[in-house]
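Trainee: Whatever this is, show me its structure:
(chains A and B)
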Amino acid sequence: MSAEILLKVRGVSGGYHKEDIVKNISFDVLPGDFLGIIGPNGSGKTTLLRLATRVIYPRQGAILLKSKNIFAFGLKEFCRNIALASQEAAINFPFTVKEIVLMGRIPHLKRLQFETPKDIEIVQEALALTDTLHLKEKRVDELSAGERQRVILARALAQEPELLFLDEPTSHLDIGHQIQVLDLLKKLNCKNNLTVAMVLHDLNLASAYCNRIILLNNGEIFKQGSPEEVLTYQNIEAVYKTVVLVNKNPLTSKPNVLLVPEEFNDN
Amino acid sequence: MRISKKLFLLLLVLLVAIFFGLIKGAVNIPLGELLLNENRIILNLRLLRVITAILVGMGLAVSGITLQAILKNPLAEPYLLGISSGAGLGTVMGIMFGLSRFYTPLAAFMGALLSIAIVYYLALENGRISDKSLILSGVIVSIILSAIIVFLISISANSAIHEISWWLWGGLQVNDWRLIFMVSVLVIAGITAIYFFSQDLNAIAAGEEEALHLGIEAQKIKKILILISALITASLICICGIIGFVGLIVPHAMRLLVGYNHKTLIPLTCIGASIFVLACDILARTLFSPVEIPIGVITAIVGAPIFMVLLKKSNRH
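Mentor: Presented below is the predicted three-dimensional model:
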């Protein structure tokens, strides 16, 4: 596999209404990465994803996909390379699950082109992978938040991207489904060469799955590197303004972050 | 039931509706007699009427579908953008300035275009159209233009101005082939163009940012589609007046029947809406014949209860 950098973010600043939420950020996403983006609320995680997926223009800096500016791609071509599974899809129109996931094939279709059996097959597979096959004919407004989240993931997988961004893919899931979704992403990451970059709130999930972590603070990168390098109690306390204990997960020997309530702080 | 079977059934019902549209009327004439030379004029008029009904059905329903998807609101309707009052104002002014009957539709069309332009301009914020401000500015422009209409009518001494009343409840009596031809070109071109964007409509209906992530330039396409659907509605309103509920009920019912995918929804709705308008027009002509009831009254009486049932049903979810 080539060592070419998949996504190169260089000095990017941007936000809404002239106010920069993300400030002068630079990082690389390498092929095969399983990248975690963490940081407190309002630290610019989602804004960073929106910048990287062409929703908002960077005010400064550039983002390059395979050494080409992301805005130089045709939009559909771009969406065949990069998909985003967003936090919460607006569900005002009660499409069925199958219809929603079929939309993931839009970047691969021409106008007026109906889905081919191959598209249907890909959608079927995405549904099976995300454990949503049994929901196929259900309307999205009848689903639980967790089911909806998996449907959104299925649609992003149906897009067959090289790089998949996820915005808190586990926020509405119970621990069983959290592990299931992340295991699935890991499997796709290893077997199908899917590069994954995701915003996560759960530091321990980030530690357990990601090969690299970017810690954001006030729109800037506070620290990036391996879980061991980023998830130290010094870094976490500085950014999250809260006392934690970091030890090792005895099984995976990855850093494990433990929260400490205020009453125990003196110890 | 498979889509192709539903399509076949709908086409069958449409043929039946067209057949009755031709033979029913102030007098019932069997098809065999209708084709005789001596009934040429009646056949001509009824053919025009059937074609008008089909155009109105398809045009209003597809405009409705488009606006509903774009605004992500299944209760949006084609007259939402102030088109009806704009066209009304155009008609009133046309009559006041003594335009001939052939040119009043043109005045209505200009009025509709004017209202669309104002609504569109008001809804534009930093180059983006937001759903909420589009709906709000539509309402505001409607109120202002309606006030001007009432003002003009009340100060006008011209008795011809009272002809405007048919217009408020619509009618399919268009006796001019040239007019129908021009409108049908606009309506059919518009529907074809919207169909071209049916995939985009799917994505936009699911959410604007989602659409962007699927490779659809939502803002750009939204603007194009708003203008096309407004043009369709404007061209229909200036020959048929306001015919309510068609753009609301038929898309709603058809979604229950064939689902939300616009690639199949749009063509099947065209057929369903044609059937609906043809049936309402047959009722309008025959219920109290020889007196003809304005078709808007029928679509409202038939449509409102259906709408209430659908609304209650969707609330239960």
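
Trainee: Point me to the helix or strand that includes residue 153.
Mentor: Assuming you mean chain A. Residue A:153 belongs to helix A:145-158 when assigned by DSSP states H and E.

Trainee: that answer is for a different chain, and I need it for chain B
Mentor: helix B:131-155.

Trainee: if I look at the nearest residue to residue A:230 once chain neighbours are set aside, how far off is residue A:258?
Mentor: Counting by CB to CB, 6 or more residues apart in numbering or on different chains, residue A:213 is the residue found nearest to residue A:230 once chain neighbours are left out, at 4.3 Å. The way it works is simple: take the backbone N, C-alpha and C, and place the C-beta from them, glycine included. Noted for residue A:213: a distance of 17 Å to residue A:258, by CB to CB, to the nearest Å.

Trainee: Ok, residue B:10 next?
Mentor: The spacing between residue B:10 and residue A:258, counted by CB to CB, is 64 Å.

Trainee: where along the stretch 1-150 of chain A do the strands fall?
Mentor: With DSSP state E, counting those that start in this stretch, the ranges of strands along the stretch 1-150 of chain A come out as A:7-16, A:19-29, A:34-38, A:60-65, A:68-69, A:82-85.

Trainee: Could you report the neighbour count for the residue nearest to residue B:255 when sequence neighbours are not counted?
Mentor: Leaving aside its chain neighbours, residue B:255 sits nearest to residue B:265 (6.5 Å; criterion: CB to CB, 6+ apart). By the measure other CB atoms under 10 Å in any protein chain shown, the count of residues near residue B:265 is 24.

Trainee: Need the three-state assignment for residue B:265.
Mentor: At residue B:265, secondary structure determined by DSSP: H, G, I helix; E, B strand; the rest coil is helix.

Trainee: From what I see, it and residue B:253 are in contact.
Mentor: No - with contact defined as CB atoms under 8 Å, residue B:265 does not reach residue B:253; the gap is 11.1 Å.

Trainee: one step back: of the strands of the stretch 1-150 of chain A, give the one that comes closest to chain B.
Mentor: The closest of these to chain B is strand A:82-85. By CB to the nearest CB, the value is 4.8 Å.

Trainee: Show me what that closest one pairs with in its sheet, parallel or antiparallel.
Mentor: strand A:163-167 (parallel) (DSSP bridges).

Trainee: ok, residue A:132 to chain B distance?
Mentor: Distance, residue A:132 to chain B, using CB to the nearest CB, to the nearest Å: 16 Å.

Trainee: how close does that residue get to residue A:177?
Mentor: 11 Å.

Trainee: So for these two, which sits in the more crowded spot?
Mentor: Neighbour count, other CB under 10 Å: between residue A:132 and residue A:177, residue A:132 has more, with 24 against 17.

Trainee: Can you give me the neighbour number for residue 31?
Mentor: All of this refers to chain A. Here the count is done by other CB under 10 Å, and residue A:31 has 17 residues near it.

Trainee: I was thinking of chain B, sorry if that wasn't clear
Mentor: When neighbours are counted by other CB under 10 Å, residue B:31 registers 10.

Trainee: ok, now how distant is it from residue B:42?
Mentor: Applying CB to CB, the value for residue B:31 to residue B:42 is 12 Å.

Trainee: try residue B:267
Mentor: Separation of residue B:267 from residue B:42 (CB to CB): 32 Å.

Trainee: same check, this time on residue B:300
Mentor: Residue B:300 is 28 Å from residue B:42, by CB to CB.

Trainee: Under the pLDDT cut-off, which ranges of the stretch 51-200 of chain A? List them.
Mentor: Within the stretch 51-200 of chain A, the segments meeting pLDDT under 70 span A:88-92.

Trainee: which residue ranges form the helices in the chain?
Mentor: Unless you meant another one, I'm taking chain A. Assigned by DSSP state H, chain A shows helices spanning A:45-52, A:75-81, A:97-102, A:117-129, A:145-158, A:175-191, A:203-209, A:227-230, A:233-240.

Trainee: actually it's chain B I care about, not the one you picked
Mentor: So, for chain B - with DSSP H - the helices run B:3-23, B:31-34, B:40-70, B:83-96, B:104-123, B:131-155, B:164-169, B:177-196, B:198-205, B:208-213, B:218-240, B:246-258, B:262-286, B:295-315.

Trainee: Show me which residues of the longest one are buried.
Mentor: Along helix B:40-70, the positions that meet the burial threshold by neighbour count (16 or more other CB atoms under 10 Å in any protein chain shown) are B:42-43, B:46-70.

Trainee: Equivalent analysis for the last one, please.
Mentor: Counting neighbours by 16+ other CB under 10 Å, one finds that the buried residues in helix B:295-315 are B:295-300, B:302-303, B:306-307, B:310.

Trainee: from those residues, which single one is nearest residue A:86?
Mentor: Nearest to residue A:86 among the buried residues of helix B:295-315: residue B:310, at 30.1 Å, using CB to CB.

Trainee: residues from chain B in reach of chain A?
Mentor: Residues of chain B lying close to chain A by CB under 8 Å from any CB of the partner chain are B:69, B:72-74, B:195-200, B:202-203, B:205-207, B:209-210, B:212-217, B:259-261, B:263, B:317.

Trainee: Pull out the buried members of those residues.
Mentor: Buried among these by 16+ other CB under 10 Å: B:69, B:72-74, B:195, B:197-200, B:202-203, B:205-207, B:209-210, B:212-216, B:259-261.

Trainee: Kindly list the main-chain dihedrals of the one residue in the stretch 151-267 of chain A that gets nearest to chain B?
Mentor: Proximity of the stretch 151-267 of chain A to chain B (CB to the nearest CB) peaks at residue A:159, 7.4 Å away. Phi and psi for residue A:159, reported as degrees, to the nearest 10, are phi -70, psi -10.

Trainee: Identify the residues contacting the closest residue to it other than its chain neighbours.
Mentor: The shortest distance from residue A:159 to any non-neighbouring residue, by CB to CB, 6+ apart, is to residue A:83 (4.1 Å). Counting by CB atoms under 8 Å, 6 or more residues apart in numbering or on different chains, residue A:83 touches A:104, A:156-157, A:159, A:161, A:163-165, B:213.

Trainee: from the residues you listed, which is closest to residue A:208?
Mentor: Nearest to residue A:208 among the contacts of residue A:83, counting by CB to CB, is residue A:164 at 18.2 Å.

Trainee: Quick check: residue A:226 touching residue A:213?
Mentor: Yes - look at residue A:226 against residue A:213 with CB under 8 Å: they come within range, at 7.4 Å.

Trainee: In terms of neighbours, single out the busier of these two.
Mentor: More crowded of residue A:226 and residue A:213, by other CB under 10 Å: residue A:213, with 26 against 14.

Trainee: Could you give the bridge partners of that one?
Mentor: Bridge pairing for residue A:213 - DSSP bridges - gives residue A:36, residue A:225.

Trainee: What score does it have for pLDDT?
Mentor: According to the prediction, residue A:213 has pLDDT 96.

Trainee: likewise the one 10 residues further on?
Mentor: The per-residue pLDDT reported for residue A:223 equals 95.

Trainee: Just give me the residue closest to the centre of chain A.
Mentor: Centroid-nearest residue in chain A: residue A:166, 2.0 Å away (criterion: CA atoms, centre = their mean).

Trainee: For it, which residues are in contact?
Mentor: Residue A:166 sits next to A:84-85, A:153, A:156, A:185, A:196-199 when contact means CB under 8 Å, 6+ apart.

Trainee: Count the residues that sit near residue A:96.
Mentor: By other CB under 10 Å, 18 other residues sit near residue A:96.

Trainee: which bits of chain A sit near chain B?
Mentor: Proximity of chain A to chain B, by CB under 8 Å from any CB, involves residues A:53-55, A:75-80, A:83-84, A:86, A:89-96, A:99-100, A:102-104, A:106-107, A:109, A:111-112, A:114, A:139, A:141-142, A:159.
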